[in-house]
Structure formats: C-alpha cells, structure tokens
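**Q** after the sequence you'll find the predicted model.
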Amino acid sequence: MFNEYALHHAWLIPLLPAIAFVVIGFFLRKSPVLSAFLAITMSMVSFILSLGVGYGVVVQHITVEHPLIDKIPWVDIAGLSINMGMYIDPVSALMLFIVTLVSLLVQIYAVGYMKGDDGFGRFFAYLSLFAATMLGLIIAVNFVQMFIFWELVGLCSYLLIGYYFHKPSACEASKKAFMTTRIGDFGLLLGILLLQIVFGTLDFAQLTIAIPEYVQQYGTGVLTVAALLIFAGPIAKSGQFPLHVWLPDAMEGPTPVSALIHAATMVVAGVYLVVRVFFLYSMLPNVMLIIAWVGGFTACFAATIAITQQDIKRILAYSTISQLGYMMLALGVGSVTASMFHLMTHAFFKALMFLAAGSVMHGLHDKGNIFEMGGLRHKMPITFAAMTIGVLAISGIPPFAGFFSKDEILLAVSEVSAPLYIIAVVTAFMTAFYMFRLLFLVFCGPEKPENNPHEAPSTMKFSLIILSIFAIIGGYIPHVYHFGEWIRFGDASHEGLNWTIAATSMVLSVLAMALAWLIYGSGKVSPDRLAMRFSTLYNVSYHKYYIDELYLWLNYTFVRGFGKILYWLDLYIVDGIVNGLAKLTYRMGDELRQWQTGYLQQYGLILFGAILIMVVWLVITAPISMASLRGGAY
Amino acid sequence: MISLVHYLTVAAILFIIGVYGVLTKRNIVTILMSIELMLNAVNINLVAFSRFIQPEVLTGQVFSIFTITVAASEVAVGLALLFRVYHDYDTVHIDKLNRMRW
Amino acid sequence: MDDLVYTIAFYILAAITIASAIGVVTKHNLVHSALLMALCFIGISGLYVLLQADFLAAVQILVYSGAVAILIVLGIMLTQRRSMENTNPNSGWPRGAAVVCALLFVVILIVIAATPWHYSSSMAAQDTPSVLARLLFTDYMVAFEAAAVLLLAAMMGAIVLAKGGEEK
C-alpha cells in the first residue's frame, strides 16, 4: 500500500523541501526554531517517502531495464517536446535514499552547529532548496530537467559556500565555484543540444532505444563529441582534474554544507549523470577510456595533495576529489555497480568525517589547522569514535563500508587495465596514510593547553552516531543482499570478493596506518625532517601542484594578452566604425540643423507645401484619373 | 439655385484665409483666431453635407457640435498657453519663440 | 421667388463672412480683427440658418460670437498693454504663404468640382434640437461623455497653465 503510494507520488520527495524553502524564505526566516522544525519535518517526510520508493522498487520488481516513468508535458511545440516527470529505477531510488538520509542528518546536525548564527533561517532555507533541487535532479526524465536542476544545485552550492558573505574569502570561493563549474556546464549544454539536434529528443527512455540503433547505422563520430561535451559537466561538478580547483575552496562554507553538498550529494551528481546516461557512454569505448584515466589520475593526484595539507577540511576536500576520481574510474572501466556502491558508502563515511571535523572545529572555536590540535580523544570521545570509524571505512579496513566498495572498484579495474589498477592501489595506500595522519594528529598525542575543547551538543552527536552505524554496516549489508543485482548496467555483475585483491589493499592500508603512526602518532620520525628531506616533493604537494597559480598565470598571460588584442580591435576597428558613424551623423546633423530655424510658421508653411505636393502627386498617380471621376456614373 | 458646391466653395475660401493667417501673422492671438476660422470652415462643410447628402439624419450636425466643443476647449487652453508665454517671455510674437532650433 | 430670396441671402451672408474673415487676417489693429471675427461667426450662423440647421445657428452665436470672441478679447486685453496700433503685424514669408495658399485653394476647388456628389431630394429634418438631443444621448453617448471629459480636462489644463508653476 504505502510503497504503491510512494512510488506514484515520488515527485513529492523534491516538492516537500521546496515548500519548506518557500515558506521559510518568505515567512519564517526570523524564527530559528520554526524554520529548523519545518525543514527537518519536510526532510523527514521526504526520507520516509524515499524509503517507500526503495521498498516499492524491490517489491514491484522495478529494474534498470523496466523503470517506472511518469511524466507530464512541459513544452510542447512543433519539433520540440519536453516533459517533466520522474524516472524511478533502482539507481535513482538508491540516490533518493542517500540524499534524503544525509540531508536529514545534516539538518539535524546543523541545529546544533549553527545555533546562534544570525542567518539560521536563511541557512535552513538554502539547505531545503538544495535538497529539493538535488532530488529533482535525481528523478529527472530527460536532459532538460536534469540540466535545470543541475544548474539549480550549482546555485545552491554558490549560495551556501558564500553563506558567510561578509568574509571576502567566502565570496571569492563561491564565485570561483560558480565560474569553474560554469565551464563544465557550458560543455554539458552544448552536448545536450547536440543530442537534441541528432536525435530530436532528450528523453532518457527514448534515447536508450535510439542510441544503439544510431550507432549501428552511422557509427560513433558525432556521439563521441556529444559524450565528451557532456562529460565536461561531471568534470566540473564532481571536481575532476583539471576543474577540481573550486572544491577545496568551497570549504569556506559552513561545515554541514561541506558534508552535505561538497562531499555526499551534489559533487556526486556528476557521477550520477554519467550513470544515468550510461546507455550513451557504454557505446563509446574510447570515451570510457578517457573517463577511466581522468578518474584514475584525479584520484591519485588529489591524494598526493591531501598528504601535505594542514587544514582539516581541506584534507577532507582533497580526499573527496580523490574518492570521486575513484568513482569515475569505476565508471570508466564499465562498472556502474562498483561506482554507485562506492558513491553510497562514500556518502556515509565522508559525511560522517565532515560532520566529525565540524564537531572538532565547533569544539575548538573554528580552528582548522590539524597541527594545532591534539589529544582530543579524551574531551571528545563521541567525535573521536565517529572519526575513527570514518577513517577506517575510507581506508578500506574490513568490515567497514569502504572495504567492500573499494574492493569492488579495484576488482573491476584490475580486469580492464593493469596501470590503472596500480594507480588505484597506490591511491588507496595514500588515502589510508593521510587519513590516519589526520586522525593521529587531531585526536592522539598530548593535549594542547591553549585549546579548550568541549564535546558537541546532542543534535550533532545524534547525526554522528547514525552515520557511524551506516559507515559500519553500509558496505556489508548491501554486499550480502546482492547490491549488484539491482544497481547495474546490462548484466548483473559478479558476486563475492576476490581475496587476492582484497588482501592486497588491506595489507597496504595497514602498512599505511603503521607508517602514519610512526611519523605522526609516536613521533619516532619527525615530519619536519621528512619535509626538509623531500622538500621539492613536499612543496609541490603542499602548493597543490601550483594549479591555482598556473590558472592565475594562464589567466594573466593569455586572457590579458588576448584581452589586449581584443582591446586594440575594439579601440580601432569596432570603435572606429562606431565613431565614424557617429562622426558622419554629427556632420549630417550639422548640415541639417541649418534647416531648423525654430520658426513655427516656417514649419507650417513647409507642412502645407508638402501636403499640397502629396495631394497633387496622389491625384496624378491615382488609379482613377480625374477625367473618369468627372464622367463617372453617380 | 444654391447647391452644395457653393457652400463648399465658401468654406474653402474661409479655410484658405485661416491657413494664410496661421502662416503669416506674428501675433499668437491672431493665429488662434485664424485657427477658429479654419474650424468654422470645416463646420460649414459638415452642415452642408448633412443638408444636401443626408438631410433626414443629422449626423453632420452632431459632428459640428463636437467640433465646436473641441474648438472651445482649444481656445481655452490656447489662451492659457498664451498667458504663460506672455508671462515667461514677455512677448506674444511667435517669431520670438524660436528656441526650438538646433 | 423663394429661390431668388434664398440665393440673394446666401450671397450676402457669404460676402459678409468672407470679407470679415479677410479683415481678421489683414487688419493691423488686433481689436478690429477680433470684432471682425465675431462678425464672421455671425455670418456663418446665418449660413447655418440657410442650411436649416437652426439649433447649430443658435449654438454658433452663443459659443463663438459670445464665448470665444469674448475670450479672445480678454486675451488681447491681458497681453497688449500699449497702443493697439499695428498690433497685428505680418511675419516671415507672406509671399510664400500666399502662393501655397492659392495653390491649395485651387486643389480644393478642383476636388470639389471633380467629385460626383450624391444629392438627396428629401426634406430636411424639422425640429432639429429634439432630433439632435436624441442622437447625442443614444448613438453618440460615448462621444458625448468623452467631450464632457475633454472639457473638464481643458478647464483644468487652462487653470494650471494660466496659474503657472512654482518659480524656483
């Protein structure tokens, strides 16, 4: 009964937070209690509905091949018909579950975290708007709906990164995020338009049928271009190299935002988009290879940066980029199952770690540098436990969630490409290393006397505990209950663990943990001396491969240079024409103004003279001549 | 026998006199009077048409009444403008009011 | 006999009208012009009588010879403070204006002569005020109201203009 209702009213899931946004935004902004209550209530109902959708998907045997589609026409004109609606299959049901769950927990957490903030109501309004748009993106039935919500989540991201708009750095970061993702969105839009031109439809269900036929008939040339253009969107949104630069800066936003948007949900929209249109990518092995290499490179690249960062949220941000690279890598080697599995477990443990980091910063009055922390495990036991679980999960230690999903990815990669497998394993090693580095530096060692930490309030603890549970069981339970049967593309993927691969990654993780303990935990090896020893490597990593500086330089040299050329063109060619026209007009006016005597009677004389001439001219050229008028019958 | 053509001719003469007055007189009051002459010429036309073309319905006369109404308003506003001009420029000669050039 | 009287009356009235109109634009004294204009309006009302438009003839005398002429005289009185001699001068280009006017007149005459008029032989309506009143309050109701609003607007506009704005 309920699952039936939930399935056919899945459009309520995005609508309820949207209502919350409107009501809070217009009426309740001044009342923190009411706005938080309304936002959380709506999220709760959405969450229950998406549970119902998930249950309905299982009970009613809705599979990837037989999705439930319900849509209404939005634009219907000749040659263009766009629908709005919902596309429910196991993948979108899973996404609905993840997003509503994390969004609900983050909102509960934010009640404690944002307490006393001036913009409390505004914050919850934005969070609700984000939830609404993200959920709308998930159930999109066609590219247009997807693109609309894609842009809207980008807007929410912008608003929330710039939440502390009085801080210049937050303003800069929000602008950077918006502009950088815009580059990708532009490519995405071009790709969508190309598909519309080629197929005349943007509907996912219709394209699923049309694309294989098209490939058989015409080959893959145009589709490769379209697929690459569309992939530009995910590159920007999911922080893939080279458009990853906005994500670390996005940590200027409040920590719950980082957890929700920049770790668990919005940044995986890119992964979800590729999954959604996998019917397109699966036809194009070359593009798949590019995706795999972009993902693999990003994963490794971001991990090397994360090793030397000192700000707790930046480490987590680079870790997010790295893990998103992992997901892209899994997609590139053709395993939707592994990618979505990792997406889910990552949402749990990364949100958990961000919330724990938020708790740490909350306890230390917004201090972010991990070298200024230490020994927090005594004063913040719950946070410590939560962070430990998150670190164990991301490092791939069984039986935590990350172990199963990472293993799935490694297995899928190893079957396709040996170099990529090595990259993935090295990344896994580095991930474990920098995560334990963070854990040891923050929670172990001696307490710093200048810090006066306190444990988080109960709403924050509640979210941490729930997410911890998911981070523990979120891998094992789906693994046992045949995750791959539901979330897949094409045939169901293999079952079971490959013990060679699992053991390799496990041993490497433990080694990384030991190394981290040696350097940062026990103090046997001084990190400073290591940094001196490998100063070049250290500096390159610490300065994030100078990518930001490179972009600045590129911007300065090329954009300025190009701008100078354009400036010259503008000054002498464009302005020359315009000024010439103006001069011509001026000269003509100068001549013509002699006629303007200002004497009204002269004007009147000319007026009547003109009327006279017109009448005469009309009479002469009239079709009926004067003679015929005269002789004409009455 | 006096026909429509006679009335139209009288009206035409009156109208042309009005035009001549508007185009040549310097005093704004005279110009207003000339405009009145032109309007009256039109009225004669309307009434004459009404009499000779469709005497049973008085549409032409109704239109004349409206023309008279409009003419009365025009004189009132015109004279008010005249006072304004006289007050601001201390002249009633239209050729002094040539600030609209250039 | 009636025809002859009608013809003579028409020519006399037309002569009065045209002669006084010429006087309006040629007299050098503005007051003379104004008085001649009133005379011209009376001549026109006589023409209306000949056209069996008795109500209009009355209106013509009331509104034009009465109200408009008096307004014009008031205007003259309020603006001409010195002697009335030579207060109605020519300006600009009288020759050009004369040529244009003459040509225009010729054109109008040609049009009048060339147009095939459809004369009606039926009798004119008797008792025109009641017929006009019925027309005004039935078929031309909207126009009548619009004219009323126009008069009101003209009145307010005239007051505002004559009173003048706040001098800064």
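**A** On my side now, so go ahead. Remember, predicted model here, so these are calculated numbers, not experimental data.

**Q** next up, the contacts around residue 5.
**A** Unless you meant another one, I'm taking chain A. For A:Tyr5, the contact set (Cβ atoms under 8 Å, 6 or more residues apart in numbering or on different chains) comprises A:Gly52. All C-beta spots, glycine's among them, are computed from the backbone N, C-alpha and C.

**Q** please go with chain B instead
**A** Listed by Cβ under 8 Å, 6+ apart, the contact set of B:Val5 reads C:112-113, C:117.

**Q** and these near chain A, which?
**A** Near chain A, taking Cβ under 8 Å from any Cβ of the partner chain as the test, no member of the contacts of B:Val5 is found.

**Q** now a PyMOL select for only the buried ones of those.
**A** Per 16 or more other Cβ atoms under 10 Å in any protein chain shown, the buried members of these correspond to this PyMOL selection:
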select buried, chain C and resi 112
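
**Q** I'd like the contacts of B:Val5 written out as a markdown table, with secondary structure and pLDDT added.
**A** As requested, these are exported to a markdown table (DSSP: H, G, I helix; E, B strand; the rest coil; pLDDT from 0 to 100):
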| residue | secondary structure | pLDDT |
| --- | --- | --- |
| C:Ile112 | helix | 86 |
| C:Ala113 | helix | 85 |
| C:Trp117 | coil | 80 |
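
**Q** which one of the contacts of B:Val5 sits closest to chain B?
**A** For those, the closest approach to chain B (Cβ to the nearest Cβ) belongs to C:Ile112, at 4.8 Å.

**Q** name the nearest residue to that closest one, sequence neighbours excluded.
**A** Nearest residue to C:Ile112, sequence neighbours excluded (Cβ to Cβ, 6 or more residues apart in numbering or on different chains): B:Leu8, at 4.8 Å.

**Q** ok so that neighbour is a strand residue?
**A** No: using DSSP: H, G, I helix; E, B strand; the rest coil, the assignment for B:Leu8 is helix, not a strand.

**Q** pretty sure it contacts B:Asn45?
**A** Yes: taking Cβ atoms under 8 Å as the definition, B:Leu8 is a contact partner of B:Asn45 at 6.4 Å.

**Q** what packs against the helix or strand hosting A:Val99?
**A** Secondary-structure assignment from DSSP states H and E places A:Val99 in helix A:90-113. Judged by 3 or more Cβ pairs under 8 Å, 6 or more residues apart in numbering or on different chains; DSSP states H and E, helix A:90-113 is in contact with helix A:12-23, helix A:32-59, helix A:120-138, helix A:255-259, helix A:269-276, helix A:336-363, helix A:458-473.

**Q** what do you get if the cut-off is 6 Å, keeping everything else the same?
**A** Under the contact criterion of 3 or more Cβ pairs under 6 Å, 6 or more residues apart in numbering or on different chains; DSSP states H and E, helix A:90-113 touches helix A:32-59, helix A:120-138, helix A:255-259, helix A:336-363, helix A:458-473.

**Q** go through those helices and name the closest to A:Ser535.
**A** Smallest distance to A:Ser535 across the helices and strands packed on helix A:90-113 (Cβ to Cβ): 28.2 Å, for helix A:336-363.

**Q** dump the helix holding A:Val99 to CSV, keeping only the CA atoms.
**A** What follows is helix A:90-113 as a C-alpha-only set of coordinates in CSV (Å, rounded to 0.1, in the frame of the first residue of the first chain):
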residue,chain,number,x,y,z
PRO,A,90,16.9,1.1,-8.6
VAL,A,91,19.7,3.7,-9.2
SER,A,92,17.5,6.7,-8.7
ALA,A,93,15.8,5.0,-5.7
LEU,A,94,19.2,4.5,-4.1
MET,A,95,20.2,8.1,-4.8
LEU,A,96,16.9,9.3,-3.3
PHE,A,97,17.6,7.2,-0.2
ILE,A,98,21.2,8.6,0.1
VAL,A,99,20.3,12.2,-0.4
THR,A,100,17.3,12.3,1.8
LEU,A,101,19.1,10.4,4.6
VAL,A,102,22.3,12.6,4.5
SER,A,103,20.2,15.7,4.1
LEU,A,104,18.0,14.9,7.1
LEU,A,105,21.0,14.0,9.3
VAL,A,106,22.9,17.1,8.2
GLN,A,107,19.9,19.3,9.0
ILE,A,108,19.6,17.8,12.5
TYR,A,109,23.3,18.3,12.9
ALA,A,110,23.1,21.9,11.8
VAL,A,111,20.6,22.7,14.5
GLY,A,112,23.4,22.3,17.0
TYR,A,113,26.2,23.5,14.7
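
**Q** what about chain C, any weak spots by pLDDT?
**A** Applying pLDDT under 70 to chain C picks out residues C:1, C:81-88, C:91-92, C:165-168.

**Q** so where do the helices sit in it?
**A** All helices of chain C, identified by DSSP state H, fall at C:2-26, C:30-50, C:54-59, C:69-79, C:94-114, C:128-137, C:141-163.

**Q** can you convert the ones you listed into CSV and add a column each for distance to A:Phe558?
**A** Below are the helices of chain C laid out as CSV (distance: least, Cβ to Cβ, whole Å):
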stretch, distance to A:Phe558
helix C:2-26, 78
helix C:30-50, 79
helix C:54-59, 83
helix C:69-79, 74
helix C:94-114, 68
helix C:128-137, 79
helix C:141-163, 64
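
**Q** winner for burial among those helices?
**A** helix C:30-50 (a mean of 23; mean count of other Cβ atoms under 10 Å in any protein chain shown).

**Q** and the angle from that one to helix C:2-26?
**A** Taking axes from the mean of the first three to the mean of the last three Cα atoms, to 10 degrees, helix C:30-50 and helix C:2-26 form an angle of 160 degrees between their directions.

**Q** any idea how far helix C:30-50 is from the middle of the chain?
**A** 8 Å (Cα atoms, centre = their mean, to the nearest Å).

**Q** give me the contact list for it.
**A** Contacts with helix C:30-50, where a contact means Cβ atoms under 6 Å, 6 or more residues apart in numbering or on different chains, come from B:30, B:33, B:40, B:47, C:10, C:13, C:16-17, C:20-21, C:23-24, C:27, C:56-57, C:60-61, C:64-65, C:69, C:72-73, C:76, C:84, C:87-88.

**Q** A:Val267 and C:Val107: what is the separation?
**A** Distance of A:Val267 to C:Val107, given as Cβ to Cβ, to the nearest Å: 82 Å.

**Q** can you pull the pLDDT of the closest residue to A:Phe341 other than its chain neighbours?
**A** Beyond its immediate neighbours in the sequence, the residue positioned closest to A:Phe341 (Cβ to Cβ, 6+ apart) is A:Ser405, lying 4.3 Å away. For A:Ser405, the pLDDT comes out at 85.

**Q** and if you look at A:Phe149?
**A** pLDDT, read off for A:Phe149, is 91.

**Q** that one belongs to a helix?
**A** Yes: assessed with three-state DSSP, A:Phe149 lies in a helix.

**Q** what sits against it?
**A** By Cβ under 6 Å, 6+ apart, A:Phe149 lies in contact with A:133, A:136-137.

**Q** one more time with 7 Å
**A** A:Phe149 sits next to A:133, A:136-137, A:140 when contact means Cβ atoms under 7 Å, 6 or more residues apart in numbering or on different chains.
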